[in-house]
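# below are the sequence and a predicted model; questions follow.
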Amino acid sequence: MACIELADGEAATLEAAQRIFEAAGESLTYFKLPGCIAFVPALPLITSQKLQRGELKVLSRKLVEQGVAFDLRHLKKAHFDALKSGRERSPRSARRCG
């Protein structure tokens, strides 16, 4: 699960989630790729600007339960299968988590 704070002017769309997943797939190993991506207005931070990891876990669970996170697990599997077979991966449309 990845919670992402979008830059100003960016929309929380399926296409944005897929672009983020593809970019992450170029540099991250399979097991570190997010299965779901949710867009949040702000990440929970403490005063020293570090993430509140406990709050982030609770927020992630709520976003999945509410169905606002994009489910990209099938893209993750396609990415793994492509790596395993050495062929180019073909993205399919994503679903909502939950």
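Looks like it came in fine. Residues are numbered from 1 along each chain as shown.
# burial measure for Ile4, as a count.
In terms of burial, Ile4 registers 16 neighbours under the definition other C-beta atoms under 10 Å. (Glycine included, C-beta is placed from N, CA and C.)
# begin at 15, not 1, for the rest of this chat.
OK, 15 is where the count begins now, so the last one is Ile18.
# run the chain-centre distance for the helix or strand hosting it.
Following DSSP states H and E, one finds Ile18 within strand 16-19. Distance, stretch centre to chain centre, for strand 16-19: 7 Å (C-alpha atoms, centre = their mean, to the nearest Å).
# can you give me the buried ones in the helix or strand following that strand?
Beyond strand 16-19 in the direction of the C-terminus, DSSP H and E gives the next helix or strand as helix 28-41. Residues of helix 28-41 classed as buried: Ala30, Ala31, Gln32, Ile34, Phe35, Ala38, Gly39 (neighbour count, 16 or more other C-beta atoms under 10 Å).
# tell me where the chain has helices.
28-41, 67-80, 87-99 (DSSP state H).
# between these, which gets nearest to Pro58?
Among the helices of the chain, the nearest to Pro58 by C-beta to C-beta is helix 67-80 (3.9 Å).
# report the distance from that closest one to the chain centre.
Its chain's C-alpha centre and that of helix 67-80 lie 13 Å apart, by C-alpha atoms, centre = their mean.
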